[in-house]
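Novice: what would the 3D arrangement of this be:
(chains A, B, C and D)
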Protein chains: 4
Amino acid sequence: MKKIAVFTSGGDSPGMNACLRAVVRTAIFRELEVYGVYRGYEGMIDGDIKRMYTHSVSNIVQRGGTILKSARSKEFMTPAGRKKAYENLAKHGIEGIVAIGGDGTFTGAKIFFEEYGIPTVGCPGTIDNDIYGTDYTIGFDTAVNTALAAIDKIRDTAASHDRIFFIEVMGRDAGFIGVECGIGGGAEFVMVPETKTDLDSVVKDLKNLRKTKTSSVIVVAEGDDAGSADVIMEKVKTKLNDNTKEFKVTTLGHIQRGGNPTARDRVLASRCGMAAVDGLLAGKQNCMAGVTNQEVVYTPFQDCIGKEKPIIPDHLELIKVLSI
Amino acid sequence: MKKIAVFTSGGDSPGMNACLRAVVRTAIFRELEVYGVYRGYEGMIDGDIKRMYTHSVSNIVQRGGTILKSARSKEFMTPAGRKKAYENLAKHGIEGIVAIGGDGTFTGAKIFFEEYGIPTVGCPGTIDNDIYGTDYTIGFDTAVNTALAAIDKIRDTAASHDRIFFIEVMGRDAGFIGVECGIGGGAEFVMVPETKTDLDSVVKDLKNLRKTKTSSVIVVAEGDDAGSADVIMEKVKTKLNDNTKEFKVTTLGHIQRGGNPTARDRVLASRCGMAAVDGLLAGKQNCMAGVTNQEVVYTPFQDCIGKEKPIIPDHLELIKVLSI
Amino acid sequence: MKKIAVFTSGGDSPGMNACLRAVVRTAIFRELEVYGVYRGYEGMIDGDIKRMYTHSVSNIVQRGGTILKSARSKEFMTPAGRKKAYENLAKHGIEGIVAIGGDGTFTGAKIFFEEYGIPTVGCPGTIDNDIYGTDYTIGFDTAVNTALAAIDKIRDTAASHDRIFFIEVMGRDAGFIGVECGIGGGAEFVMVPETKTDLDSVVKDLKNLRKTKTSSVIVVAEGDDAGSADVIMEKVKTKLNDNTKEFKVTTLGHIQRGGNPTARDRVLASRCGMAAVDGLLAGKQNCMAGVTNQEVVYTPFQDCIGKEKPIIPDHLELIKVLSI
Amino acid sequence: MKKIAVFTSGGDSPGMNACLRAVVRTAIFRELEVYGVYRGYEGMIDGDIKRMYTHSVSNIVQRGGTILKSARSKEFMTPAGRKKAYENLAKHGIEGIVAIGGDGTFTGAKIFFEEYGIPTVGCPGTIDNDIYGTDYTIGFDTAVNTALAAIDKIRDTAASHDRIFFIEVMGRDAGFIGVECGIGGGAEFVMVPETKTDLDSVVKDLKNLRKTKTSSVIVVAEGDDAGSADVIMEKVKTKLNDNTKEFKVTTLGHIQRGGNPTARDRVLASRCGMAAVDGLLAGKQNCMAGVTNQEVVYTPFQDCIGKEKPIIPDHLELIKVLSI
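Specialist: Now for the predicted structure:
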């Protein structure tokens, strides 16, 4: 193997740049040529591909976002799109690919590999942490810390006013961000997609809590089965029927995708990036480089996408016990 | 004067604790007894008043929110409510009052002074900066920096995806937060209540900008005449009619009220707090202690509430020039 | 078991409060009485012990330091001191102990248990991460992120001036902080106690790097065998003998011990705190509750203190490869 | 005027990039050509000068350091050096200069203007705030907030251990950073170059304070007449002679120069940058654009360098009163 390509795809996550830096520098250290594909599969189809050097990734380890930019590509879902992409890679003599992204990215990479056979190794870049085969995904730790800093601020004002705050965090299909924010933010309740939300029970507990606490924080993952934070707030307000309290909603939104990556995300991103290149050189393909139990592991894309990754069981217990 | 009371009222703002600390410690340094009234006028009516000591305000200079809590009081708007409040203060022998809050707080303080004659000096505690008689209000600088940090994060993700982001910041009646965030965040446009928003002109400029820039950030104050950020985004999207771009909205919300106060807010809060007590001792009443042109000044409540405070004129020009 | 005591001891670390909160609330949830011992073993000897309630630990999950305070106790190293400590605990009917601290704390706890037999479970509270039996210690993640934020700032000024910066981070016996900061901060070199530092080799590499890079950051753990950052800087400066460059040293110092704990530290602290109480109830004693491979594990104090915890092997390789 | 040059010089400060962006974009908006000179006067002598465009300053408003880099130049102090610098500017047809830096920068600019007559306007870029003619300098607010965040962290650990902490902040000739950090950080004492430090009096007050407070924070500006923080700590320790307390020193160092600029610094930098260009166009020369009493003012370099800028008088009183 002499030439590899690297790209970022899907929703961006903090640490993608640190991962990219690791891919580029490891490749050069191992005496490979490395090419950056801009805007994910979209740029692969458009031939937006440039040689990268050591200095191309200087001073980005600490930056949010991705200097290669990211996009979602409809055209890559078509055989014609993938053919164009292949031809562009072939033109540059690319013999291996590192794909940084989430499950959409890996789904595309798997199909592309099956059709064209260019060895591909993925790196788990998504804030949602919903990828099987790695304890944490790149960006998750930063997103949780960003959300938590926001919750800390809201607690200041909640406590000053005796308010009940509903805070919506990211997580359309997975409650990892919600659960860690709930524990770390000292939330009274956490509502996540993985568990059935019973608002009557919440209201009952809330009434009990209100005897000892004057303000409450409730963390809601955007994908909760009981609805968005707005909807849940209205329902709880109606059910609780307590005019002495104010009910407020804050939807944290896109701030959770940006920001300088945390130490943990930079280290994870660096390990995955190096492991992806070293994996390619060792003959790995159609799989993702992740870190499980502190060690680098390679997991077939099929499992990354298809297998379920559960919330750590004691975490929900923690929220219940610690919110008294 | 031997005994004074202090309270925080209205929406809380970062730095209220630093101000409270300054009031308490200055009072004790000047050999006064000082009492804290909890939950603003509400606690004054309920008699929720406690003696404060040096150590009561230890380790709070850096904390958001207010340890005295805050509330809005409907009962204080009635003569009967104010009578109860007066009786509670009289019971403790209170001869002077420091009121920390915004225009609602000062309106109440002014009426109360006119009816009962207890000398009162205010401190400008509100994130909105819309109080005449002080260059900045306590909490404004922190709110702007919090919003700006959020905008920086959103820029990371906006730039990674070629997106147009509409970010709603606080400011129902005043655009100070919006304007400073716009300049500091490198926003392409800022929409504030003080100026007429012309969406057609924005769309025209946006089309021009799109030739050189791939992502844009538009800051919207919540009180803008063209509507909320959601509404404006929909209108711009329709008018721009460009399917190659994604349009996103983030409403920053209550995070802007919390957080550790900045240096500037702590210093301002400390100055105003000391000046309020020293003002009472010097015979000031029915006025606010603020800082203008780096000096402490006392402004009648009437002017604080009634006079307009304009945005610094070159600020709107700055946004226009720097967004090219 | 009806009554337990909890204390923090040794150097404080961010997350101790979150751990304490978890101990107190879990104990109350499990219907135990819980007592806080102030100032570690020192307060145990002085009888500085108070009943704790749910609200005693409200609003501390996010706070650095420890509300129980910490101290190092010489008297506890004597049999007479430990006897006093035991008598004070006996007076309150304490039947179980949770000890939050590092290896000094656990050494004391082990001896005390062997002498007096009160079941004790520890929680790993130290920024250094040098405790066997847990992947990470409480406070480590925060310390690394604090140091990293400082390194990011120094990189700004280093890059503006073409400087070589030597940054000393904490770690008298262990290089965990140094290594993670080195990877995360994009350092050119990392010097830690676990490896022999060869300054001649560093100077040689530095000369090579200087051809492509104008500024460099070198992270030095305080316990490195080649000396403190000051000493190393002087040696490198002499050996390199390049008058075109400026050499600067920054010793980060005690800022690494404070600050709001990160999400990871809050979650870890909460898990360990709950596990310590549940461990006591399940008959555990003379051991520490830690988290390894995402699961709670109990490790005998003997092993926590005595067994070596190595740096993750690929981490040193990462620094070498990524600094090109 | 058709072509202007801009450079940053002296110690870098956060906000220099925001200022540079404002200079470049205002120049282009006013239809000037603008050239960036790298590494200050050094690059002017070396001819390291490049045309700048709108996009050259994209996405830097929030970045610490200076993308033009900075340096101190000995050669520029010689007539021969300045002649080379002039010839390089002449080669590019430069008719006006914006100089971003502190008093060293302005001293050079003044001499250069007097010798070669190219109109020059300065912008006050230094963290020290010791420039007459502007209420604040660009970078000061960020430096204070960085130092204050560090002091907050140290307070966490100081309070957990009953320690006396001496924290050295920047300020060789001026105590502005020290004073604002002292007020904002709730320091018990602040020692700055502008006032005579009387350690006997400090020790006496410290003994009194120790009756009510268990931990203390003392802020020392690096240029204090009583010595560095290390030296002062040793003296106080000897004089106080209290073995029950631990004495610690932290020297904050270069972290104070880096980091993302605060809102206030970005706005100030933007105003000064625009005013510098507009000043050149309006015929200003040999002067600095600053902001006093919220308005842009131009002050002759001579005054900026030569006139004293005193600490706001009530600030020292504040520290004394509020530390009880």
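
Novice: all strands of the stretch 101-250 of chain A, in order?
Specialist: Along the stretch 101-250 of chain A, counting by DSSP state E, counting those that start in this stretch, strands occupy A:120-124, A:163-169, A:189-191, A:216-221, A:246-251.

Novice: out of the ones you listed, which comes closest to C:Leu318?
Specialist: With C-beta to C-beta as the measure, strand A:120-124 is the member of these nearest C:Leu318 (14.2 Å). C-beta: built from backbone N, CA, C; applies to glycine.

Novice: closest residue of chain A to chain D?
Specialist: Nearest to chain D, among the residues of chain A, is A:Asn260, at 9.0 Å (C-beta to the nearest C-beta).

Novice: domain-wise, how is chain A divided?
Specialist: As given by automatic domain parsing, the domain ranges for chain A are A:3-139+A:261-306, A:141-257.

Novice: in contact with the spatially most central residue of chain A, which residues?
Specialist: In chain A, the residue lying closest to the centroid (C-alpha atoms, centre = their mean) is A:Ile127, at 1.7 Å. By C-beta atoms under 8 Å, 6 or more residues apart in numbering or on different chains, the residues touching A:Ile127 are A:11, A:13-14, A:137, A:139-140, A:142-143, A:170, A:177, A:256-257.

Novice: what residues does the stretch 151-300 of chain A put near chain C?
Specialist: A:152, A:155, A:159, A:180-181, A:183-186, A:212-213, A:260, A:262-264, A:266-267, A:270-271, A:274, A:293-294, A:296 (C-beta under 8 Å from any C-beta of the partner chain).

Novice: thinking again about what came up before, the residue nearest to the centre of chain A and A:Met191, how far apart?
Specialist: 19 Å (C-beta to C-beta, to the nearest Å).

Novice: and A:Val220, by the same measure?
Specialist: Distance from A:Val220 to A:Met191, by C-beta to C-beta: 5 Å.

Novice: now do A:Pro300
Specialist: 33 Å.

Novice: just to revisit the earlier point, so the nearest residue to the residue of chain A closest to chain D once chain neighbours are set aside, which state does it fall into?
Specialist: With sequence-adjacent residues excluded and distances taken as C-beta to C-beta, 6 or more residues apart in numbering or on different chains, A:Asn260 is closest to A:Gln62, at 5.1 Å. Of the three states, A:Gln62 takes coil according to DSSP: H, G, I helix; E, B strand; the rest coil.

Novice: which parts of the stretch 51-200 of chain A are helices?
Specialist: A:79-91, A:103-116, A:140-161, A:176-184, A:199-209 (DSSP state H, counting those that start in this stretch).

Novice: out of these, which comes closest to A:Ala22?
Specialist: Closest among the helices of the stretch 51-200 of chain A, using C-beta to C-beta: helix A:140-161, at 16.3 Å.

Novice: quick one: pLDDT of the residue of chain A closest to chain D?
Specialist: pLDDT, A:Asn260: 96.

Novice: buried set for stretch A:205-214?
Specialist: A:205-206, A:209-210, A:213-214 (16 or more other C-beta atoms under 10 Å in any protein chain shown).

Novice: what's next to stretch A:204-218, contact-wise?
Specialist: A:151, A:154-155, A:158-159, A:161-167, A:185-191, A:202, A:232, A:236, A:240, A:242, A:245, A:323, C:54-55, C:58.

Novice: output that stretch as CSV, nothing but the C-alphas.
Specialist: Output in CSV follows, covering the C-alpha atoms of stretch A:204-218 (Å, rounded to 0.1, in the frame of the first residue of the first chain):
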residue,chain,number,x,y,z
LYS,A,204,-45.8,11.7,41.4
ASP,A,205,-42.1,11.7,42.3
LEU,A,206,-41.9,15.4,41.5
LYS,A,207,-44.6,16.2,44.0
ASN,A,208,-42.7,14.3,46.6
LEU,A,209,-39.4,16.0,45.7
ARG,A,210,-41.1,19.4,45.9
LYS,A,211,-41.4,19.0,49.6
THR,A,212,-37.6,19.1,50.0
LYS,A,213,-36.4,20.8,46.9
THR,A,214,-37.5,24.1,45.4
SER,A,215,-36.0,23.8,42.0
SER,A,216,-35.6,20.8,39.6
VAL,A,217,-33.8,20.0,36.5
ILE,A,218,-35.1,17.4,34.1
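
Novice: can you get me a residue count around A:Ile319?
Specialist: 20 (other C-beta atoms under 10 Å in any protein chain shown).

Novice: quick one, phi/psi of A:Gly273?
Specialist: phi -60, psi -50 (degrees, to the nearest 10).

Novice: need the three-state assignment for A:Glu308.
Specialist: coil.

Novice: tally of neighbours for it?
Specialist: Going by other C-beta under 10 Å, the residues that sit close to A:Glu308 add up to 8.

Novice: ok, it touching A:Gly133?
Specialist: No - taking contacts as C-beta atoms under 8 Å, A:Glu308 lies outside contact range of A:Gly133: 11.6 Å.

Novice: pLDDT score for the closest residue to A:Ala150 other than its chain neighbours?
Specialist: Using C-beta to C-beta, 6+ apart and skipping the chain neighbours, the partner closest in space to A:Ala150 is B:Ile255 (4.7 Å). We have a pLDDT of 95 for B:Ile255.

Novice: likewise for A:Leu199?
Specialist: For A:Leu199, the predicted pLDDT is 95.

Novice: which parts of the stretch 201-324 of chain A are helices?
Specialist: A:229-240, A:263-281, A:301-306, A:313-322.

Novice: nearest to B:Phe113, out of those helices?
Specialist: helix A:229-240 (37.3 Å).

Novice: what does the closest one contact?
Specialist: A:164, A:166-168, A:191, A:197, A:199-200, A:202-203, A:206-207, A:218, A:220, A:222, A:224, A:226-227, A:247-251.

Novice: start to end distance for stretch A:183-197?
Specialist: 17 Å (C-alpha to C-alpha, to the nearest Å).

Novice: list the buried residues in that stretch.
Specialist: A:183-194, A:197.

Novice: now the two most distant members of these.
Specialist: Longest span within these, C-beta to C-beta: A:Gly186 and A:Pro193, 21.8 Å.

Novice: A:Ser270: what's it in contact with?
Specialist: Counting by C-beta under 8 Å, 6+ apart, A:Ser270 has contacts A:18-19, A:21-22, A:61, C:183-184, C:318, C:322.

Novice: cutoff 7 Å now
Specialist: A:18, A:22, C:183, C:318, C:322 (C-beta atoms under 7 Å, 6 or more residues apart in numbering or on different chains).

Novice: tell me the residues of chain A that contact chain B?
Specialist: A:12, A:64-66, A:69-71, A:146, A:150, A:153-157, A:159-161, A:248, A:250-251, A:253-255, A:257-259 (C-beta under 7 Å from any C-beta of the partner chain).

Novice: again, only this time at 8 Å
Specialist: So chain A meets chain B at A:8, A:12, A:14, A:16, A:63-66, A:69-71, A:146, A:150, A:152-157, A:159-162, A:165, A:248-255, A:257-259 (C-beta under 8 Å from any C-beta).
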